[in-house]
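Q: The sequence and its predicted three-dimensional model are supplied below.
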Amino acid sequence: MENNEHERFSPIKSLLGLLSFSTIIPVKQYTSIEYMTRLVWCWPFIHLVVGILAAVFGIVCADVLHLNPFFTAALIYAFLMLITGYNHLDGVMDMADGVMVHGDPQRKISVMKDSSVGAGGVATLFLVAILTIAGLYNVLDYECIAAIIICEMVSKSSILTTALLSTPSDQGIGCYFIYSTNILNYILSTVIVAVIAYLVGDVVGVIGLAGAIVAGALIAFIAKRNFVIANGDVLGMSNEVGRLMALLFMSVALFFL
């Protein structure tokens, strides 16, 4: 996705670039990172499709293969990780390592960027993964297949929330996503996501979006306190925690509503 000064901006190429960037779906369409991130506010809508694929996969596991809810939940999580190319898992581990180490922001950033992974990173990834599987199991127990679609879609709303509230680093791909997120396109994206979430999952879906927004704001706060800036690792953490928090909020809502 090298920048090409002769390239003209194309919304279709930008959307396909986002799809290629965040999934393993074979899309042979490339554009510059600047043009790709220009439509970053549309990212949740791309992952609406990914969520639908995961929901169909879950239905096959549960209704065709007759697997129990826990095994189905674990396979759905594995499916989501595979189709997204394990794209954000390194961000979870790297940010966790940076937060755990003692020192000033520069020291924490250097640890976060280090290619080696510490115990804090591994433990955090395990916790996020097992809690997400538990969340998927819980919504499946309520037979709310729509929650699978919603949690994947709003995980990108979590990223947008973090991007909006963060100060970008001066290098790396993550800074392009942060620079391209502003209050106007964030509000537009969130309103459309809220409408889709309501149509797909009623009030429970909107509550799931609220959970993702809370997660995004929380990750932005933690990043600002520890690193001052945010990068791709912070956005990756936001994605995974956003999915988890959406499932948590929807699980609670399913009990009370």
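A: Ah, there it is.

Q: Name the nearest residue to residue 147, sequence neighbours excluded.
A: Excluding its sequence neighbours, the residue lying closest to residue 147 (Cβ to Cβ, 6 or more residues apart in numbering) is residue 139, at 3.8 Å. In this view, the C-beta of every residue, glycine as well, is placed from N, C-alpha and C.

Q: Any buried residues in whichever helix or strand the one you found is part of, and which?
A: Assigned by DSSP states H and E, residue 139 belongs to helix 119-141. Neighbour-count burial for helix 119-141 flags 120-121, 124-125, 128-129, 132-140 (criterion: 16 or more other Cβ atoms under 10 Å).

Q: Residue 27: neighbour count?
A: Number of residues near residue 27 (other Cβ atoms under 10 Å) recorded here: 14.

Q: On the three-state scheme, it is what?
A: Of the three states, residue 27 takes coil under DSSP: H, G, I helix; E, B strand; the rest coil.

Q: Mean confidence (pLDDT) on stretch 32-44, please.
A: Taken as a whole, stretch 32-44 has an average pLDDT of 91.

Q: just use 40 as the starting number from now, easier for me
A: Got it, the first residue is 40 from now on, which makes the last one we talked about stretch 71-83.

Q: Straight-line length of that stretch, end to end?
A: Here the two ends of stretch 71-83 are set 20 Å apart, with distance taken as Cα to Cα, to the nearest Å.

Q: from the chain's centre, how far out does it sit?
A: 15 Å (Cα atoms, centre = their mean, to the nearest Å).

Q: And stretch 122-137, by the same measure?
A: 10 Å.

Q: Quick check: buried residues in that stretch?
A: 122-123, 126-137.

Q: okay, those residues in TSV with pLDDT next?
A: Listed next are these as TSV, based on pLDDT from 0 to 100:
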residue	pLDDT
122	96
123	95
126	91
127	95
128	96
129	95
130	96
131	97
132	97
133	97
134	97
135	97
136	97
137	97
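
Q: Take the residues you listed and keep only those in helices.
A: The helices, defined by DSSP state H, take in 122, 128-137 from the buried residues of stretch 122-137.

Q: so what secondary structure elements neighbour the helix holding residue 178?
A: Helices and strands touching helix 158-180, by 3 or more Cβ pairs under 8 Å, 6 or more residues apart in numbering; DSSP states H and E, are helix 108-122, helix 128-139, helix 185-204, helix 271-295.

Q: which outside residues touch the second one?
A: Helix 128-139 is contacted from outside by 120, 147-148, 150-153, 156-157, 159-164, 167, 261-262, 265-266, 271-276, 278-280, using Cβ atoms under 8 Å, 6 or more residues apart in numbering.
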